[in-house]
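In: Pasting a predicted model and its sequence here:
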Amino acid sequence: MDELDEQIVRLLQTDARLSNRELARRIGVAPSTCLERVRSLTRRGVIRGYHADIDLPALNRGVQALVSVRLRTPNRAAIDGVKGDVSRMPEVMGLFVVAGEDDLVLHVAVPDLDRLHAFLVERLAPRPEIGGFRTSVIFQHSRRNVLESFDASA
């Protein structure tokens, strides 16, 4: 990626709804050049999609938690099976396969603590592959919306 690609990515991370014409104006290139660069970034997998930033409490998902899961036997089949099933559960916003004491970390968003408890005891605990889990309720969350590229010389 060159400097022009980095500018495009930075601007689209800030506002993915920018028109091609406005994006080209902001970076100082012709709209056709800008469009080809965006298409190239998409083909190369740098840009994977465009998303709306949703307010979870507005969707009645005001309680969020991170659930660290340990599998009884952390082999590929068990990880893939749990990952596939759990990632489709409506409470699960994200799933990470991790190294260390735990095997998976789930980002869960639910309406209230009762629903969190129900998710844990009715949906996770009965799974025979799961050896245990720990839950951390999220009080506050911040996220970087714009990622800068790393300087290779640093």
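Out: Looks like it arrived, so ask away.

In: Where does pLDDT dip in this structure?
Out: For the chain, the stretches flagged by pLDDT under 70 are 150-154.

In: And the helices in it?
Out: 3-14, 20-27, 31-43, 76-86, 113-118 (DSSP state H).

In: can you list contacts of stretch 87-96?
Out: 64, 83, 86, 104-110, 115, 119, 123 (Cβ atoms under 8 Å, 6 or more residues apart in numbering). Where you see a C-beta, it was placed from the backbone N, CA and C, and this is true even at glycine.

In: sorry, back to before: now mean neighbour count and distance to residue 147 too, for the helices of the chain, in JSON lines please.
Out: Output for the helices of the chain, formatted as JSON lines (neighbours: other Cβ atoms under 10 Å; distance: least, Cβ to Cβ, whole Å):
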{"stretch": "helix 3-14", "mean neighbour count": "16", "distance to residue 147": "7"}
{"stretch": "helix 20-27", "mean neighbour count": "15", "distance to residue 147": "17"}
{"stretch": "helix 31-43", "mean neighbour count": "15", "distance to residue 147": "14"}
{"stretch": "helix 76-86", "mean neighbour count": "14", "distance to residue 147": "25"}
{"stretch": "helix 113-118", "mean neighbour count": "14", "distance to residue 147": "30"}
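
In: Including distance to residue 146, could those helices go into a markdown table?
Out: Output for those, formatted as a markdown table (distance: least, Cβ to Cβ, whole Å):
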| stretch | distance to residue 146 |
| --- | --- |
| helix 3-14 | 4 |
| helix 20-27 | 14 |
| helix 31-43 | 15 |
| helix 76-86 | 29 |
| helix 113-118 | 31 |
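
In: and residue 52, which of these is closest to it?
Out: helix 3-14 (13.6 Å; Cβ to Cβ).

In: Just the CA trace of the closest one, in CSV.
Out: Backbone C-alpha positions of helix 3-14 (Å, rounded to 0.1, in the frame of the first residue of the first chain) are rendered in CSV as follows:
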residue,chain,number,x,y,z
GLU,A,3,0.4,6.8,0.7
LEU,A,4,-2.6,7.3,-1.5
ASP,A,5,-4.1,3.9,-0.6
GLU,A,6,-3.5,4.8,3.1
GLN,A,7,-5.3,8.1,2.7
ILE,A,8,-8.3,6.3,1.1
VAL,A,9,-8.5,3.7,3.8
ARG,A,10,-8.2,6.3,6.6
LEU,A,11,-11.0,8.5,5.1
LEU,A,12,-13.3,5.5,4.5
GLN,A,13,-12.8,4.3,8.1
THR,A,14,-13.9,7.7,9.3
